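Asker: Take this sequence and fold it.
(one chain, ligands or ions: 1)
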Amino acid sequence: MSLSPLVEIVDLEKQFPLARTASEFLHGRPRRAIHAVDKLSLSVQAGETVGLIGESGSGKTTLGWLVARLHEPTGGKILFEGQDAHALAGAELRHWRRNVQVVFQDPVGSLDPRLKVWQIVGEPIRAQDRTDRVILRRERRRTRRANARRAAGAPPASLPPMPPRLTRREVRSRVRALLPSVGLPQDCLDQYAHEFSGGGRQRLALARALSVNPKLVILDEPTSALDVAVQAQILNRMVELQRTTGVAYLLITHNVAAVRYVADRVAVMYLGQLVEVGTVRGVLEKPIHPYTKALLAAVPVADARRRRTRFRIGGDVPSLIDPPPGCRFAPRCPFAIDRCRVEDPHLREIPAAPGQLVACHLAEQVREVVPTSLLENAPAPSAPAPAPPTGSGAPGRG
Ligand code: SF4
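Answerer: Coordinates of the predicted model:
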């Protein structure tokens with residue numbers, strides 16, 4: 001029996017419209033748009049970590065912001081526990097925000113320099129207290145109205161109790177109790193963010209996100225600004241916290257090693273679309289999509305024999321402004337055939353790799369091509385494109 005997912009993203013689209021040029025305006029051409037996220041579907045289970053990897057500009061952060069409702073989608077929907085997250089408004093939306101928190105890449109920019117630690121971490125606690133009180137007040141009003149209309153002789157429904165507003169002392173005590181869980185000392189309540197190192201600030205950001213017991217935390221490059229030792233400490237904390245609280249993570253990163261360490265599943269994104277989704281072991285050990293193979297082959301390894309190997313994929317990166325039909329990786333793919341340039345590949349499971357979804361027309365054929373062979377045989381950027389393989393035969397190797 002499969003559990004229903006915590007988050008279900010269905011055919012999600014986000015387009016950023018561009019200003020019309022004078023020529024487009026004069027010729028009555030429609031406004032063009034950047035297709036940052038295009039017909040993307042993905043799910044996250046409760047307590048799971050999904051790593052989202054891909055090169056810069058692939059739309060990873062836009063996707064994270066859409067899930068957190070920091071962007072409005074142009075199409076598709078995001079279901080959170082079965083409820084359309086983008087249909088919520090008012091107090092319900094503020095209440096929903098408790099469940100989805102974000103840790104941003106830049107802890108300096110995301111922490112208010114005028115606030116002390118207890119205020120930074122306590123801010124979501126106070127905001128949620130206010131929201132809870134608004135919802136309770138509404139519920140009490142509704143109960144009173146129902147009591148006024150009740151039939152003669154029927155007993156009145158009891159009003160839900162209204163707890164007292166959180167005091168400053170209570171907020172400070174909750175923050176004090178939370179700080180050790182992210183590795184910060186309890187006596188730093190009255191310090192400012194600038195008094196902490198990069199790792200300390202990111203711990204603060206993590207504490208702020210976890211202060212309201214969310215069900216999902218979106219981590220947007222949480223360790224990219226930190227040195228390796230601190231990265232390991234933060235990742236260890238995240239894993240420990242997940243074990244104790246059951247929170248789910250959507251980890252957006254370039255750091256494949258971090259994904260290997262903390263994630264349960266990996267989703268690979270290329271130019272606004274998912275090209276491969278599967279378990280960490282499946283995708284990182286046996287990648288199927290040519291882009292995933294090239295991406296993983298580009299990860300530096302401590303091996304003197306591979307140090308001289310250069311990462312090369314021929315062709316240009318297509319523009320995200322009104323992209324043409326077909327596979328977006330086709331101009332760079334050494335295996336592309338005519339079909340790839342006209343027909344969009346959809347995520348599908350192939351029999352040889354159950355549970356692993358790949359968006360490639362030739363997934364069965366390219367599956368066995370190991371990343372190293374792709375690297376060594378890929379053409380230089382200026383070289384002519386390799387001869388395309390036939391649809392039925394074994395793929396060429398560039
Ligand atoms: Fe895209 Fe075709 Fe290459 Fe597959 S083989 S990645 S569908 S261009």
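Asker: Whichever residue of the stretch 51-200 of the chain sits closest to the ligand: neighbour count?
Answerer: At 14.0 Å from the ligand, Gly54 is the closest residue in the stretch 51-200 of the chain, using C-beta to the nearest ligand atom. (C-beta placed from N, C-alpha, C; glycine too.) Close neighbours of Gly54, defined as other C-beta atoms under 10 Å, add up to 24.
Asker: give the contact list for it.
Answerer: When the contact criterion is C-beta atoms under 8 Å, 6 or more residues apart in numbering, the partners of Gly54 are Lys60, Val268, Met269, Tyr270, Leu295.
Asker: Can you list which of the residues you listed are found in helices?
Answerer: Residues from these lying in helices, with DSSP state H as the criterion: Lys60, Leu295.
Asker: pLDDT below threshold where in the chain?
Answerer: By pLDDT under 70, the weakly predicted segments of the chain are 1-3, 301-315, 370-398.
Asker: can we see that at 50?
Answerer: The model of the chain has pLDDT under 50 over residues 1, 308-311, 378-398.
Asker: Map the structural domains onto the sequence of it.
Answerer: Each domain of the chain is listed here as a residue range: 7-126+165-268, 286-349+362-377, per automatic domain parsing.
Asker: So Ile120 sits against Leu204, correct?
Answerer: Yes: counting by C-beta atoms under 8 Å, Ile120 does reach Leu204; the two are 6.1 Å apart.
Asker: For the longest helix seen in the chain, name the packing helices and strands.
Answerer: Selection of the longest helix in the chain by residue count, based on DSSP H, yields helix 117-149. Under the contact criterion of 3 or more C-beta pairs under 8 Å, 6 or more residues apart in numbering; DSSP states H and E, helix 117-149 touches helix 90-97, helix 168-178, helix 198-210.
Asker: Quick check: buried residues in it?
Answerer: Going by neighbour count (16 or more other C-beta atoms under 10 Å), the buried part of helix 117-149 is 117-126, 128-129, 131-133, 135-136.
Asker: Stretch 40-55 too?
Answerer: Residues of stretch 40-55 classed as buried under the neighbour-count rule (16+ other C-beta under 10 Å) are Leu40, Leu42, Ser43, Val44, Gln45, Glu48, Thr49, Val50, Gly51, Leu52, Ile53, Gly54.
Asker: Please apply the same query to stretch 271-290.
Answerer: Neighbour-count burial for stretch 271-290 flags 271-278, 280, 282-284, 286-290 (criterion: 16+ other C-beta under 10 Å).
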